[in-house]
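*Asks:* With the sequence up front, the predicted model follows.
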Amino acid sequence: MTATDIAHPELRSLLLSRIRDVPDYPQPGVVFKDITPLLADAAAFGALTEALAAVCVRHGADKVVGLEARGFILAAPAAARAGIGFVPVRKAGKLPGTTLTQVYELEYGSAEIEVHQDAFAPGDRVLVIDDVLATGGTAEASLQLIRRAGAEVAGVVVLLELGFLGGRSRIAPALAQAPLEALVAL
Ligand SMILES: O=P(O)(O)OC[C@H]1O[C@H](OP(=O)(O)OP(=O)(O)O)[C@H](O)[C@@H]1O
Ligand SMILES: Nc1ncnc2[nH]cnc12
């Protein structure tokens, strides 16, 4: 499976120019993609929010899911801009209501994520937004949660896809026919 990017060339280079590589973080051998310079640049963050909101509208999503923590920063303004409700998928133990839980593996460790059991209306079409798709473990777990909560997956959109880590292939079964889009794919 090939990683493709959907940002037009000007937006792609703006976004890429504001993502900083941090070698050996959080552990040796990992090159961490730091989006804080992008968030600190109002023009770049604004253009990113517009692009993500356009994807939400194009897919006719009823809800936008953001994945804790960096996914929240991108998904919440995009959902508000698109006029769609936002649902947080959080790391275990952070949501106050009755939750569904999913265990998953990361590039650097393992984790559990949760969503409120009543976060979606039956049949809601849900678009997942995150900053980075790496191994795909987080996105895959979120898709399983969304379906278990009774909603449909409209798609996944990420700012940055690290294609060499194989996340696209990993999440293909959980996506079923839904699209995975990356604004920038490396
Ligand atoms: O495709 P994967 O291998 O699952 O990796 C991608 C995930 O890893 C990061 O989250 P992380 O949990 O590291 O931390 P955060 O709380 O800073 O967003 C990133 O924000 C994605 O959610
Ligand atoms: N290399 C990476 N950079 C930033 N976030 C990540 N999440 C998983 N792998 C990552």
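*Replies:* That came through, no problem. Numbering: from 1, shown residues only. Ligands and ions are numbered 1, 2, ... in the order given.

*Asks:* Can you tell me the number of residues neighbouring L183?
*Replies:* Neighbours of L183 under the rule other Cβ atoms under 10 Å: 23. In this view, the C-beta of every residue, glycine as well, is placed from N, C-alpha and C.

*Asks:* Check which helix or strand the closest residue to A75 other than its chain neighbours maps to.
*Replies:* Using Cβ to Cβ, 6 or more residues apart in numbering and skipping residues adjacent in sequence, the residue nearest A75 is G66, 2.9 Å away. Assigned by DSSP states H and E, G66 belongs to strand 63-67.

*Asks:* who's in contact with the residue nearest to A75?
*Replies:* 72-76, 79, 86-89, 129-130 (Cβ atoms under 8 Å, 6 or more residues apart in numbering).

*Asks:* and those residues, which of them are in helices?
*Replies:* Judged by DSSP state H, helices contain the following of the contacts of G66: 72-76, 79.

*Asks:* quick one: which of the residues you listed is most hemmed in?
*Replies:* For those, counting by other Cβ under 10 Å, the largest number of neighbours falls to A75: 28 neighbours.

*Asks:* where does this structure dip in pLDDT?
*Replies:* By pLDDT under 70, the weakly predicted segments of the chain are 1-4, 107-108.

*Asks:* Helices of that one, start to end?
*Replies:* Using DSSP H, helices in the chain cover 9-17, 36-39, 42-58, 70-82, 137-148, 167-175.

*Asks:* I'd like those helices laid out as a markdown table, including distance to A185.
*Replies:* Output for the helices of the chain, formatted as a markdown table (distance: least, Cβ to Cβ, whole Å):
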| stretch | distance to A185 |
| --- | --- |
| helix 9-17 | 9 |
| helix 36-39 | 16 |
| helix 42-58 | 14 |
| helix 70-82 | 16 |
| helix 137-148 | 14 |
| helix 167-175 | 9 |
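
*Asks:* Enumerate the residues of this protein near ligand 2.
*Replies:* 30-33, 107, 132, 134 (Cβ under 6 Å from any ligand atom).

*Asks:* Neighbour count for the residues you listed - can I get that in JSON lines?
*Replies:* Below are the residues of the chain next to ligand 2 laid out as JSON lines (neighbours: other Cβ atoms under 10 Å):
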{"residue": "V30", "neighbour count": "14"}
{"residue": "V31", "neighbour count": "11"}
{"residue": "F32", "neighbour count": "16"}
{"residue": "K33", "neighbour count": "21"}
{"residue": "E107", "neighbour count": "18"}
{"residue": "V132", "neighbour count": "22"}
{"residue": "A134", "neighbour count": "23"}
